[in-house]
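> Mind looking at a prediction? Sequence and model below.
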Amino acid sequence: MKKIRWGVLEENQPISLMPVMEPGWSGIVKDTGKILDKPQTNSIVLYRKNNGIIFVDHKECTALGEFALRKILKNPKWGLMINREIIKSSDELTRYSSGIFRANLEKKSNLELYRLYKVYLDKQCKVYNYGVIPVYLDFYKPHLTSYLVEYLKGRKDLFAQLTIPEKLSKVQEEEISLLKTAVKQKKLKQHIEQYRYMGYNFEGPAFPDSYFIKRIKEALRDKVRPQTKIALIKQQKLKEREEHDRLVKILQIDKEHQKLLNLTKGFIYSKDYRKMSLVQSYYELEPLLRELANRFDLTLAEIRNCRLDEIKQMALGKPRPTELSARMQGCLFVVLNRKLPGKVLVDSRYHSMRHYLLQKEDLTEVNFFHGQTACIGRARGRVKIISGVKDLKKMKDGDIMVAQMTNPDLVPAMKKAAAIVTDLGGITSHAAIVSRELKKPCVIGTKIATKVLKDGDLVEVDANNATIKKI
């Protein structure tokens with residue numbers, strides 16, 4: 001394992017072994033080659049007490065991104081097919097998870113519960129298998145973005161303007177629905193139940209009623225009326241489309257590059273759609289996990305760290321996994337050379353690789369660094385490191401939000417930020433998508449922001465040039 005140069009793809013907390021890390025990543029290794037015509041062979045997930053870090057083979061992931069770019073340049077219709085399948089598989093997943101959420105689970109046998117979970121995981125894997133293609137293209141290294149920015153003669157601002165999705169995101173749809181609820185003072189319960197999941201991320205909790213009630217009160221107190229805000233959101237979308245068309249005409253962008261820019265728009269939209277669909281499904285899956293945990297005398301946290309085959313064995317009357325307690329303290333999920341299923345290691349190999357993967361470099365003298373532009377603009381302010389929902393309370397209006405990456409549960413902090421800076425992510429990342437909607441300067445993919453900066457640091461974010469400077 002140490003012969004491979006591992007790079008961090010994503011870090012999340014709280015998160016468990018199932019259902020995200022495994023079978024999600026083993027499914028990618030197993031099936032994505034059928035979609036891309038080039039398989040991923042290696043993946044490692046380091047799990048430590050509710051924290052999960054996904055590592056990819058740096059050389060392999062770079063090669064997969066380059067391969068996907070060549071495939072798209074040769075046949076843009078293949079990229080359109082990927083986008084369609086991401087949306088289609090996401091809808092299939094949420095239809096199924098909604099059925100689980102509404103089902104009378106108490107009346108089902110242990111094996112019936114196991115089968116529900118198995119089908120859910122199969123559908124979830126399909127979402128991951130198609131969804132990882134844009135990740136290869138632009139999340140780990142910005143292959144497609146770099147290609148198009150070069151075509152635009154280095155104008156990152158033009159690239160940002162030309163790739164704004166035409167459709168409203170889930171966050172924008174919720175905002176409009178909430179404003180309509182504030183106007184009519186009706187259907188509040190319906191709105192809450194429809195959008196509560198947005199705060200759940202991987203393991204919850206979902207947004208409480210108070211979160212929505214507070215926002216409605218703020219909307220009613222605001223000088224700008226809710227109806228006006230709704231109109232402004234829709235007008236902004238119209239202006240973005242008009243500006244896109246104007247730029248295409250002025251820059252004389254040829255049809256082939258228009259296709260690629262529109263394809264990038266689609267990837268940005270489908271990434272957000274996929275993410276929010278997965279979050280909804282995780283929220284709706286919880287009753288099934290609770291029922292399984294109750295049947296097998298386990299906690300919710302314990303059932304989330306049981307592999308599917310172990311759940312089947314318990315459904316057949318076998319005891320709990322012997323290494324479950326050790327696994328929850330820390331483990332390594334490993335797939336090497338496409339040897340499936342992946343292994344879960346809790347022995348000396350886990351401890352050795354944990355030390356190896358988490359080696360820290362000396363960054364004490366770094367006062368200036370850069371990343372990738374997600375949304376242009378400049379801002380100056382005090383840093384607040386936001387690693388999870390627990391940190392939302394320390395975020396004040398005008399602060400600079402710094403995070404490893406963002407998720408839907410961190411949107412309240414993003415709305416307060418003067419600028420957003422992340423360690424990880426590409427142009428299709430959650431931070432990039434939401435920062436554009438909020439018109440907040442945003443620099444993504446710095447790799448070191450949370451290591452160099454600390455709460456209270458005064459910084460200047462120049463998203464036009466993708467730089468961050470300590471003052």
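Cool, got the structure.
> Going by C-alpha atoms from here, please, whenever you check contacts or count neighbours.
OK.
> So which residue of the protein lies furthest out from the middle?
G317 (36.8 Å; Cα atoms, centre = their mean).
> Output stretch 306-314 as CSV, nothing but the C-alphas.
The C-alpha trace of stretch 306-314 is given here as CSV (Å, rounded to 0.1, in the frame of the first residue of the first chain):
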residue,chain,number,x,y,z
CYS,A,306,-21.8,-3.6,9.7
ARG,A,307,-21.2,-4.8,6.2
LEU,A,308,-24.1,-6.1,4.1
ASP,A,309,-23.0,-9.8,4.3
GLU,A,310,-22.8,-9.4,8.1
ILE,A,311,-26.4,-8.0,8.2
LYS,A,312,-27.5,-11.0,6.2
GLN,A,313,-25.8,-13.4,8.7
MET,A,314,-27.5,-11.7,11.6
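> which residues sit against that stretch?
Contact with stretch 306-314 is made by 17-18, 22, 111, 114, 118, 296, 319-321, 324, as judged by Cα atoms under 8 Å, 6 or more residues apart in numbering.
> what about the residue farthest from the centre of the chain, is that helix, strand or coil?
At G317 the chain is in coil, as set by DSSP: H, G, I helix; E, B strand; the rest coil.
> returning to what we had before: among the contacts of stretch 306-314, which ones are buried?
Buried subset of the contacts of stretch 306-314 (neighbour count, 16 or more other Cα atoms under 10 Å): 17-18, 22, 114, 118, 296, 320-321.
> rewinding a little: tell me the one among the contacts of stretch 306-314 nearest to R304.
For these, the residue nearest R304 by Cα to Cα is M18; the value is 5.2 Å.
> if I pick the closest one, what's in contact with it?
M18 neighbours (Cα under 8 Å, 6+ apart): 304-307.
> Using a markdown table, lay out those together with neighbour count.
As requested, the contacts of M18 are arranged in a markdown table below (neighbours: other Cα atoms under 10 Å):
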| residue | neighbour count |
| --- | --- |
| R304 | 23 |
| N305 | 21 |
| C306 | 22 |
| R307 | 17 |
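> Just send those back as JSON lines, with pLDDT and secondary structure too.
As requested, those are exported to JSON lines (pLDDT from 0 to 100; DSSP: H, G, I helix; E, B strand; the rest coil):
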{"residue": "R304", "pLDDT": "95", "secondary structure": "coil"}
{"residue": "N305", "pLDDT": "93", "secondary structure": "coil"}
{"residue": "C306", "pLDDT": "94", "secondary structure": "coil"}
{"residue": "R307", "pLDDT": "93", "secondary structure": "coil"}
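> want to throw the residues you listed into CSV with distance to Y140?
Formatted as CSV, these follow (distance: Cα to Cα, whole Å):
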residue, distance to Y140
R304, 27
N305, 27
C306, 29
R307, 28
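> so which of these comes closest to F202?
Distance to F202 across the contacts of M18 (Cα to Cα) is lowest for R304, with 10.9 Å.
> is it true that that closest one touches S16?
Yes. If you go by Cα atoms under 8 Å, R304 and S16 touch, sitting 5.9 Å apart.
> Which members of the contacts of stretch 306-314 are positioned in helices?
Those of the contacts of stretch 306-314 mapping onto helices are 111, 114, 118, 324, per DSSP state H.
> Report the contact partners of the first one.
Shown here is L111, whose contacts under the criterion Cα under 8 Å, 6+ apart are 312, 315-316.
> need the strands for this structure, in chain order.
6-12, 43-48, 51-57, 331-335, 343-345, 368-370, 372-375, 378-385, 400-403, 419-422, 442-444, 458-462, 467-470 (DSSP state E).
> how about those, which one is nearest F212?
Of all these, strand 400-403 comes closest under Cα to Cα, at 22.4 Å.
> which residues touch that closest one?
Outside strand 400-403, the residues that touch it by Cα under 8 Å, 6+ apart are 380-387, 395, 413-414, 417-423, 449-450, 459.
> Could you list the paired strands of that strand along with their orientation?
Strand 400-403 pairs in its sheet with strand 378-385 (parallel), strand 419-422 (parallel), by DSSP bridges.
> Return the most buried member of the ones you listed.
Of the strands paired with strand 400-403, the one with the most neighbours on average (mean count of other Cα atoms under 10 Å) is strand 419-422, at a mean of 31.
> Can you tell me which of the ones in helices among the contacts of stretch 306-314 is nearest L260?
Comparing those against L260 with Cα to Cα picks out K118 as the nearest, at 36.9 Å.
> Contacts only, for the closest one.
Contacts of K118 (Cα under 8 Å, 6+ apart): L308.
> Quick check: pLDDT value at it.
On the pLDDT scale, K118 is placed at 95.
> repeat for the one 3 residues further on
L121 carries a pLDDT value of 94.
> Could you measure from it over to M18?
From L121 over to M18 the distance is 9 Å, taken as Cα to Cα, to the nearest Å.
> Please enumerate the shared neighbours of those two.
Joint contacts of L121 and M18 (Cα under 8 Å, 6+ apart) do not exist.
> from the contacts of stretch 306-314, which has minimum pLDDT?
E22 (69).
> tell me the contacts of the residue nearest to N201 when sequence neighbours are not counted?
Spatial nearest neighbour of N201, excluding adjacent residues (Cα to Cα, 6 or more residues apart in numbering): V279 at 5.2 Å. V279 makes contact with 197-198, 200-202 under the criterion Cα under 8 Å, 6+ apart.
> same check, this time on K343
Contact analysis of K343 by Cα under 8 Å, 6+ apart lists 332-335.
> Select, from those residues, the two members most distant in space.
L332 and V335 (9.9 Å).
> any residues in contact with both of these two?
Common neighbours of L332 and V335 (Cα under 8 Å, 6+ apart) are 44, 343.
> What residues does A379 make contact with?
Taking Cα under 8 Å, 6+ apart, we find A379 in contact with 418-419, 441, 460-462.
> my guess is I444 meets A419, correct?
No. Counting by Cα under 8 Å, A419 is not a contact partner of I444; they are 10.9 Å apart.
> Find the nearest non-adjacent residue to R290, please.
L300 (5.8 Å).
> okay, now the one you found: neighbour count?
By other Cα atoms under 10 Å, 17 other residues sit near L300.
> got the contact list for it?
289-290, 293.
> Give me the PyMOL select line for the contacts of L111, limited to the buried ones.
Here is the PyMOL selection string for the buried members of those, based on 16+ other Cα under 10 Å:
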select buried, resi 312+315
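> could the contacts of L111 go into a markdown table alongside distance to N51 and pLDDT?
Formatted as a markdown table, the contacts of L111 follow (distance: Cα to Cα, whole Å; pLDDT from 0 to 100):
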| residue | distance to N51 | pLDDT |
| --- | --- | --- |
| K312 | 26 | 97 |
| A315 | 28 | 97 |
| L316 | 31 | 96 |
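> What is the nearest of the contacts of L111 to V366?
K312 (51.0 Å).
> Would you mind measuring from I468 to T373?
Applying Cα to Cα to I468 and T373 gives a distance of 11 Å.
> Out of these two, name the residue with the larger neighbour count.
Applying other Cα under 10 Å to I468 and T373 shows that T373 carries more neighbours, namely 27 against 23.
> so the more buried one touches I444, yeah?
Yes. The criterion here is Cα under 8 Å, and T373 meets it with I444 at 6.4 Å.
> okay if I get the contacts of V279 as a markdown table plus pLDDT and distance to Q235?
Converted to a markdown table, those look like this (pLDDT from 0 to 100; distance: Cα to Cα, whole Å):
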| residue | pLDDT | distance to Q235 |
| --- | --- | --- |
| Y197 | 97 | 28 |
| M198 | 95 | 25 |
| Y200 | 94 | 30 |
| N201 | 90 | 30 |
| F202 | 92 | 33 |
